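*Asks:* build me a model:
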Amino acid sequence: MQQSVVRLSTWNEARDALRHRDLRQGLYDEGNALMDGVIVNLHGADHLARRRLENRLFRRDTFLQWEQELIPQLINDVFSQLADPTEGDMVQIARRTMMRLSSLVAGIDIGADLASFEKMSGLMAKLAAASTVVHATGNKNEIINEGNVALNTFLAEYFAASRQRREHLIAQATQGDLEWNDLPADVLTVLLTNQDNLVLPDNVIAREIAYFPWVGSHSTSAALVHALHHCFTWESEHNGTLSELATNAALLQRFVHESLRLHPASPEATRIATADVHLPCGVHISAGSTVAINMVSANRDAEIFGSNADAFDPFRTTPAQAPRWGLTFGTGFHACLGQELAGGLGEDQQQETPLYGAIVVMLQAVLRRGGIPHLTHEPELDVATRRPVWKNYPVSFVS
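*Replies:* Residues are numbered from 1 along each chain as shown. Okay, here's the model as predicted:
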């Protein structure tokens with residue numbers, strides 16, 4: 001019997017579906033070998049318990065410290081490693097910066113060996129492709145097999161030593177030789193210290209830790225490059241924009257949020273109905289049905305974002321129920337854990353010390369170096385996936 005598919009495309013339909021607790025995550029089902037047991041793939045009580053635990057790490061004061069100190073240092077380190085300081089590929093610059101940050105969050109000790117870091121970056125690219133294989137345009141079995149090999153290599157060469165170090169530190173804390181507050185503040189340490197309570201098998205811990213570096217680096221880098229492209233396009237029509245954005249973080253955040261709305265990481269979200277569902281918007285979904293949510297269409301709903309919803313307008317006015325970035329970070333219990341890390345706080349949420357997000361911080365670093373479209377090379381879209389991402393995006397640095 002063929003499984004029924006319910007297709008949703010309006011803002012209200014998408015929002016209601018993403019928030020409904022009887023619709024489980026289905027986007028990663030084809031990549032389940034790599035995503036089984038990972039937080040984004042959990043449902044119900046298991047998801048709630050894991051999220052409550054890991055939420056301890058995703059704090060605004062932590063994000064603020066990273067934004068002011070750590071991220072600028074990380075991207076400057078990446079700039080210093082460019083073969084030619086006058087040019088670079090923004091896809092790789094962003095990925096390498098966020099790979100270092102997301103590895104710290106996950107609990108993977110990268111070290112200073114550049115060759116080792118480059119190898120891990122390659123492994124994460126294969127894990128990203130295999131986990132989101134539903135959107136692949138190539139041979140899916142080959143992509144999944146390459147992902148499995150990459151995962152095993154990551155576990156042997158990076159995860160094992162990082163776990164061993166943390167287990168040693170936890171043992172010291174248990175014996176009273178180390179203060180608990182002095183343990184690393186990362187996901188791996190949190191999971192290991194709560195392993196008995198969560199009843200987590202070793203292979204689930206391993207997949208969870210592998211998930212953070214690839215999703216943190218690939219999703220954020222894709223969003224950053226889209227935003228940079230819009231900055232460059234706006235500059236071509238409004239001379240002087242780039243120099244203003246280099247010093248005006250609040251304005252740049254508007255560019256980033258509008259770009260996020262137009263370019264959700266996944267063009268389509270997938271949910272599976274675990275029971276009969278009646279959405280507040282009036283849609284009925286039978287148990288067992290697949291729900292395909294058109295994220296691009298929902299984020300461009302003219303009733304919410306105006307008659308020019310398809311256009312890039314950083315000065316757009318949005319209604320109170322719709323954040324400037326649309327549904328790109330999700331909503332409800334499956335909203336992205338790293339939303340505030342990547343995109344900062346909305347204008348109506350900002351506090352005395354603003355939180356603008358990693359994308360704004362990295363973009364300003366690029367613009368302050370005089371980043372412009374490359375003088376001779378054109379960017380390329382990645383045709384190996386239906387996800388809206390760039391394969392490469394060359395830039396020139398002219399300052």
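
*Asks:* and the strands in the chain, which stretches?
*Replies:* Secondary structure of the chain (DSSP state E): strands at 5-8, 23-25, 87-89, 268-273, 277-278, 284-285, 290-294, 371-373, 380-381, 390-392, 394-397.

*Asks:* give me the helices and strands touching the longest one, please.
*Replies:* What that stands for is strand 268-273. Identification of packing neighbours for strand 268-273 by 3 or more C-beta pairs under 8 Å, 6 or more residues apart in numbering; DSSP states H and E yields helix 11-19, strand 23-25, strand 290-294, helix 295-298. Heads up, the C-betas are built off the backbone N, CA and C, glycines and all.

*Asks:* rerun at 6 Å
*Replies:* Counting contacts by 3 or more C-beta pairs under 6 Å, 6 or more residues apart in numbering; DSSP states H and E, strand 268-273 is packed against strand 23-25, strand 290-294.

*Asks:* any chance of the strands of the chain in a markdown table, plus mean neighbour count?
*Replies:* Shown next, in a markdown table, are the strands of the chain (neighbours: other C-beta atoms under 10 Å):
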| stretch | mean neighbour count |
| --- | --- |
| strand 5-8 | 17 |
| strand 23-25 | 22 |
| strand 87-89 | 20 |
| strand 268-273 | 21 |
| strand 277-278 | 16 |
| strand 284-285 | 17 |
| strand 290-294 | 20 |
| strand 371-373 | 19 |
| strand 380-381 | 12 |
| strand 390-392 | 16 |
| strand 394-397 | 19 |
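
*Asks:* what's the closest of the ones you listed to residue 204?
*Replies:* Minimum separation from residue 204 across the strands of the chain (C-beta to C-beta) falls at strand 23-25, 15.5 Å.

*Asks:* tell me how far that closest one is from the chain's mean position?
*Replies:* Relative to the centre of its chain, strand 23-25 is centred 19 Å away, using C-alpha atoms, centre = their mean, to the nearest Å.

*Asks:* do stretch 31-50 as well
*Replies:* From the chain centre to the centre of stretch 31-50 is a distance of 16 Å (C-alpha atoms, centre = their mean).

*Asks:* next, find the distance separating residue 312 from residue 262.
*Replies:* Using C-beta to C-beta, to the nearest Å, residue 312 is found at 6 Å from residue 262.

*Asks:* between those two, which is the more surrounded one?
*Replies:* Each of residue 312 and residue 262 has its neighbours counted (other C-beta atoms under 10 Å); residue 262 has more, 22 against 18.

*Asks:* buried set for stretch 113-129?
*Replies:* Buried residues in stretch 113-129, counted by 16 or more other C-beta atoms under 10 Å: 117, 120-121, 123-129.

*Asks:* got the CA coordinates for it in CSV?
*Replies:* In CSV, the C-alpha atoms belonging to stretch 113-129 read as follows (Å, rounded to 0.1, in the frame of the first residue of the first chain):
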residue,chain,number,x,y,z
ASP,A,113,47.8,19.9,13.3
LEU,A,114,46.4,21.6,10.1
ALA,A,115,46.6,18.3,8.1
SER,A,116,44.5,16.5,10.7
PHE,A,117,42.0,19.3,10.7
GLU,A,118,41.7,19.2,7.0
LYS,A,119,41.2,15.5,7.1
MET,A,120,38.4,15.9,9.6
SER,A,121,36.8,18.6,7.5
GLY,A,122,36.7,16.1,4.6
LEU,A,123,35.1,13.5,6.8
MET,A,124,32.4,15.9,7.9
ALA,A,125,31.6,16.8,4.3
LYS,A,126,30.9,13.1,3.7
LEU,A,127,28.8,12.8,6.8
ALA,A,128,26.8,15.9,5.8
ALA,A,129,26.1,14.4,2.4
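
*Asks:* pLDDT of that stretch, averaged?
*Replies:* For stretch 113-129, the mean pLDDT works out to 93.

*Asks:* give me the residues contacting that stretch.
*Replies:* The contact list for stretch 113-129 (C-beta atoms under 6 Å, 6 or more residues apart in numbering) reads 99, 110, 143, 146-147, 150, 153-154, 158, 213-214, 218.

*Asks:* from these, which two are the most distant?
*Replies:* Taking C-beta to C-beta as the measure, the contacts of stretch 113-129 span a maximum distance of 25.0 Å, between 110 and 143.

*Asks:* give me the more crowded residue out of the two.
*Replies:* residue 143 (22 against 17).

*Asks:* go through the protein and flag its longest helix.
*Replies:* If you go by DSSP state H, the chain has its longest helix at helix 202-237.

*Asks:* distance of the spatially closest residue to residue 208 that is not a sequence neighbour from residue 204?
*Replies:* What sits nearest to residue 208 in space, not counting adjacent residues and going by C-beta to C-beta, 6 or more residues apart in numbering, is residue 38, at 5.4 Å. Distance, residue 38 to residue 204, by C-beta to C-beta: 8 Å.
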